[in-house]
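K.L.:
Can you look at this prediction? I've put the sequence above it.
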Amino acid sequence: MKAKHPIPVGSLLAEAFGTFCLVLVGTGAIVINDVSAGAITHVGIALSFGLVVYAMIHSVRPISGAHLNPAVTLGLTAAGRFDVHKLLPYVASQLCGAFVASLCVRLLFPQHPTLGITTPAHTAMQSLFLEGLLTAILVAVILTLSTRDGAVAADVAGPVGAVIGMEAMFAGPISGASMNPARSIAPAIVSLQIDNLWIYVVAPLVGAALAAIIFRACWPTSGQR
């Protein structure tokens, strides 16, 4: 049995910072689009999410592995590529970063009612299914491009950012294309709009677990360190 190593504080701060930037830029783009009569556009919002993830992977990957998403951390853990004892601290750091970002958006736009929350355009089951599929695709891509210690490899910022931008582009008008519980939880709670929040917690976690199961089935030695 491998000994547990202490989690560097820098890793947790890096995850909080990276997730802060993701939520600030992504939900900020939604809010600014609302208050500027659509100046950013849906395409611009999708690009904002993809580009900020691209930038944050380059920025924090050497420190924390650049998960930036509880579903990604869960998927890496379930696939045997991340230590279980680091799971909750990473998720807590990501949530903290997301909440600080949503509080900043609230301070900047105090009259905005939703702060860029994710909500289903049609039925809850449609968005539940779609968010699960989107997250499974995202986590599967990350798993195939990650190193054995659960870090996103140096040359995958482009592919991962592209997947997020692509999924936000085509699925955003239907489900919001969150794929990230932290991204959805923070603005929903800060804006007190939590009716549909369960969709964006359950679906990404199930999708991440499904991606890990498929990954381990296709690459049965992937969990070996």
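P.N.:
That came through, no problem.
K.L.:
What is the distance between stretch 135-148 and the centre of its chain?
P.N.:
12 Å (CA atoms, centre = their mean, to the nearest Å).
K.L.:
same question but for stretch 119-133, I mixed them up
P.N.:
17 Å.
K.L.:
and for that stretch, what are the contacting residues?
P.N.:
171, 173-179, 193, 196, 199-200, 202-204, 206-207, 210 (CB atoms under 8 Å, 6 or more residues apart in numbering). Where C-beta positions appear, they are placed from N, C-alpha and C, glycine not excepted.
K.L.:
mean confidence score for stretch 27-41?
P.N.:
Mean pLDDT, stretch 27-41: 97.
K.L.:
measure that stretch end to end?
P.N.:
One end of stretch 27-41 to the other measures 13 Å (CA to CA, to the nearest Å).
K.L.:
Give me the contacts around that stretch.
P.N.:
Counting by CB under 8 Å, 6+ apart, 44-45, 48-49, 101-102, 105, 108-109, 112, 115-117, 183, 187 sit against stretch 27-41.
K.L.:
Now do the same contact list for the closest residue in space to P89 that isn't next to it in sequence.
P.N.:
Distance criterion CB to CB, 6 or more residues apart in numbering; nearest residue to P89, sequence neighbours excluded, is I7 at 5.4 Å. Contacts here follow CB under 8 Å, 6+ apart; on that basis I7 touches H85, K86, P89.
K.L.:
Now do I7 against S64, distance only.
P.N.:
Distance of I7 to S64, computed by CB to CB, to the nearest Å: 10 Å.
K.L.:
again, but for F129
P.N.:
Distance, F129 to S64, using CB to CB: 31 Å.
K.L.:
And the two? Which one has more around it.
P.N.:
Neighbour tally, F129 and S64, criterion other CB atoms under 10 Å: the higher count belongs to S64, 27 against 15.
K.L.:
so how far is stretch 198-215 from its chain's centroid?
P.N.:
12 Å.
K.L.:
Output that stretch as CSV, nothing but the C-alphas.
P.N.:
Extracted in CSV, the C-alpha atoms of stretch 198-215 (Å, rounded to 0.1, in the frame of the first residue of the first chain):
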residue,chain,number,x,y,z
TRP,A,198,-29.5,19.1,-9.1
ILE,A,199,-29.3,18.4,-12.8
TYR,A,200,-25.9,20.1,-13.0
VAL,A,201,-24.5,18.2,-10.0
VAL,A,202,-25.9,14.7,-10.8
ALA,A,203,-25.3,14.6,-14.5
PRO,A,204,-21.6,15.6,-14.6
LEU,A,205,-20.7,13.2,-11.8
VAL,A,206,-22.5,10.3,-13.5
GLY,A,207,-20.9,11.3,-16.9
ALA,A,208,-17.5,11.4,-15.3
ALA,A,209,-17.9,8.0,-13.7
LEU,A,210,-19.1,6.5,-17.0
ALA,A,211,-16.1,7.9,-18.8
ALA,A,212,-13.8,6.3,-16.2
ILE,A,213,-15.5,2.9,-16.5
ILE,A,214,-15.1,3.0,-20.3
PHE,A,215,-11.5,4.2,-20.1
